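Asks: Return a 3D structure for these sequence lines:
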Amino acid sequence: MAKHAKEAKTNALRELDAAGIPHEFRLFECEGAPSGVEVAAMLGLDPDRVFKTLVTVGRSGEHYVFMIPVAAELDLKKAAAAVGEKAVAMVKSKELLPLTGYVHGGCSPIGQKKLLVTRIDETAQLFDDITFSGGRIGCQITMAPDDLGRLVPFAYADLTA
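Replies: Below is the predicted model of the structure:
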């Protein structure tokens with residue numbers, strides 16, 4: 001487990017440190033917001049183990065977080081079924097920061113302004129650890145899915161097209 005340099009701290013990293021949950025984090029330089037597949041390649045990681053964090057809004061007005069492998073596409077019908085909604089839609093980029101505290105390309109499931117119902121693609125169960133955004137562009141966290149569940153309650157679901 002790593003303590004983080006003050007300049008590297010994000011809400012996600014602060015929460016992990018405070019909870020004493022084992023994890024690794026990687027900082028890297030990049031221009032703009034690279035795609036998840038580009039991040040996996042830059043870090044030499046299997047894209048099946050690198051997950052993107054997607055925020056949606058249901059027909060009910062409730063918001064949800066879905067984590068899927070970076071090379072996959074979220075199946076909105078499966079996602080809606082996984083949270084008991086008739087339909088879900090992606091949140092617009094401009095709504096992401098006020099809702100979660102994170103920007104597009106740097107959204108972590110940990111440390112959001114409000115704990116949202118979270119579903120992780122069932123393929124995460126195939127790995128001892130997964131990698132996902134650390135709360136800013138250029139920061140990735142790697143940890144066991146079970147350890148993630150200690151901070152962010154979630155359920156596994158079939159979420160990809």
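Asks: Could I get the full set of strands for this structure?
Replies: With strands called from DSSP state E, the chain shows them at 24-27, 51-58, 63-69, 88-90, 117-121, 130-133, 139-143, 154-157.
Asks: For the second one, C-alpha coordinates in PDB please.
Replies: So that's strand 51-58. Coordinates of each C-alpha in strand 51-58 appear next as PDB, following Å, rounded to 0.1, in the frame of the first residue of the first chain:
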ATOM      1  CA  PHE A  51     -12.100  -0.600 -16.400                       C
ATOM      2  CA  LYS A  52     -13.800   2.700 -17.200                       C
ATOM      3  CA  THR A  53     -16.200   4.400 -14.900                       C
ATOM      4  CA  LEU A  54     -19.400   5.500 -16.600                       C
ATOM      5  CA  VAL A  55     -22.100   7.600 -14.900                       C
ATOM      6  CA  THR A  56     -25.700   7.300 -16.100                       C
ATOM      7  CA  VAL A  57     -29.100   8.700 -15.200                       C
ATOM      8  CA  GLY A  58     -32.200   6.500 -15.000                       C
END
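Asks: Which strands and helices lie in contact with that strand?
Replies: Counting contacts by 3 or more CB pairs under 8 Å, 6 or more residues apart in numbering; DSSP states H and E, strand 51-58 packs against strand 63-69, helix 76-82, strand 88-90, helix 93-100, strand 130-133. C-beta here means a position set from N, CA and C on the backbone, and glycine is covered the same way.
Asks: How about residues contacting it?
Replies: Here strand 51-58 makes contact (CB atoms under 8 Å, 6 or more residues apart in numbering) with 36, 63-70, 74, 76, 79-80, 83, 85-91, 96, 99-100, 107-109, 116, 120-121, 124, 130-133.
Asks: change it to 6 Å
Replies: Under the criterion CB atoms under 6 Å, 6 or more residues apart in numbering, residues 36, 63-67, 69-70, 74, 85, 88-91, 107, 109, 130, 132-133 lie in contact with strand 51-58.
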